[in-house]
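1. I need the structure of the sequence given here:
(2 chains)
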Amino acid sequence: DAGITQSPRHKVTETGTPVTLRCHQTENHRYMYWYRQDPGHGLRLIHYSYGVKDTDKGEVSDGYSVSRSKTEDFLLTLESATSSQTSVYFCAIRYDRGNTEAFFGQGTRLTVV
Amino acid sequence: GDSVTQMEGPVTLSEEAFLTINCTYTATGYPSLFWYVQYPGEGLQLLLKATKADDKGSNKGFEATYRKETTSFHLEKGSVQVSDSAVYFCALSDQTGTASKLTFGTGTRLQVTL
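-> Below you'll find the model as predicted:
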């Protein structure tokens, strides 16, 4: 257990509603990441953070925003959910850049109907 | 940009068979390379890693060697078990920019049967 908690673990929401997913860590790691996992695509990076209030976009950031107001929490928001955002979302944390491993949360399964 | 290419799955093997899952990468600079495993309903967990050319990562009977000349990091295991059934992801980590991002392959599902 790398001290990562994702919430909720499962969510069903309607198209057009806002949704926020939370990633909480107890490890005080600097780097945090949000990925989505879809069949045939592996894991794709949505957004990442390299410190409090320091965030940047990944390869599939359209329709998503993030915030990190304190080290331990990294929030992912879908401003207006669409069916194409139905996916499994994983948060990851990393102590340092380079050759250190990333630790993953258990994932959040989001269904947009 | 960086990319990782893995062999398509699923791979179906009998118990005690030899496993190879191919992985090649494209990256600028000198990335670190990783293999992650995902069991059903779980998140990813690190299986092994290599941080420089010719390094061999190993864990739980799995091995992979960082081959810079062929830009490859193939995963091997001499004798698979039913409990090895999972999805395996090859990944690289760049060394540049503000945060070192992990780039993943599409994953290879392994099914081991008795």
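
2. Tell me how many other residues crowd the residue nearest to A:G3 when sequence neighbours are not counted.
-> Take A:G3 and drop its neighbours on the chain: the residue closest to it by Cβ to Cβ, 6 or more residues apart in numbering or on different chains is A:T26, 3.8 Å away. For the C-beta atoms, the positions are set from N, CA and C on the backbone; glycine is no exception. By the criterion of other Cβ atoms under 10 Å in any protein chain shown, A:T26 has 12 neighbours.

3. these two touch, right, A:T26 and A:D73?
-> No: the pair A:T26 / A:D73 is not scored as a contact, 10.8 Å apart, by Cβ atoms under 8 Å.

4. in which helix or strand would I find residue 89?
-> No chain specified, so I'll use chain A. Element membership for A:Y89, per DSSP states H and E: strand A:87-94.

5. My question was about chain B, not that one.
-> For B:F89, the host element (DSSP H and E) is strand B:86-93.

6. list the contacts for the residue nearest to B:Y39 when sequence neighbours are not counted?
-> Residue nearest to B:Y39 in three dimensions, not counting chain neighbours: B:A86, with 4.9 Å by Cβ to Cβ, 6+ apart. By Cβ atoms under 8 Å, 6 or more residues apart in numbering or on different chains, the residues touching B:A86 are B:V37, B:Q38, B:Y39, B:P40, B:R109, B:L110.

7. Quick check, pLDDT for A:H10.
-> At A:H10, the pLDDT value in this model is 97.

8. ok, A:K57 - how many residues close by?
-> By other Cβ under 10 Å, the residues close to A:K57 number 14.

9. And the residue of chain B that's closest to chain A?
-> B:S100 (3.4 Å; Cβ to the nearest Cβ).

10. residue boundaries of the strands in chain B?
-> All strands of chain B, identified by DSSP state E, fall at B:3-6, B:11-14, B:19-21, B:23-26, B:32-38, B:44-50, B:56-59, B:62-65, B:75-77, B:86-93, B:102-104, B:108-113.

11. Tell me what angle the longest one forms with strand A:87-94.
-> Think strand B:86-93. Strand B:86-93 runs at 50 degrees relative to strand A:87-94, counting by axes from the mean of the first three to the mean of the last three Cα atoms, to 10 degrees.

12. Would you mind checking the average pLDDT for strand B:86-93?
-> On average, the pLDDT along strand B:86-93 is 94.

13. Listing partners with orientation, what would you give for it?
-> Using DSSP bridges, strand B:86-93 pairs in its sheet with strand B:32-38 (antiparallel), strand B:102-104 (antiparallel), strand B:108-113 (antiparallel).

14. need the helix or strand of chain B with the lowest average pLDDT.
-> Taking mean pLDDT, DSSP states H and E as the measure, strand B:102-104 is the helix or strand of chain B with the lowest mean score, a mean of 89.

15. any idea how far it is from the chain center?
-> Between the centre of strand B:102-104 and the centre of its chain there are 11 Å (Cα atoms, centre = their mean, to the nearest Å).

16. Sweet, I'm off.
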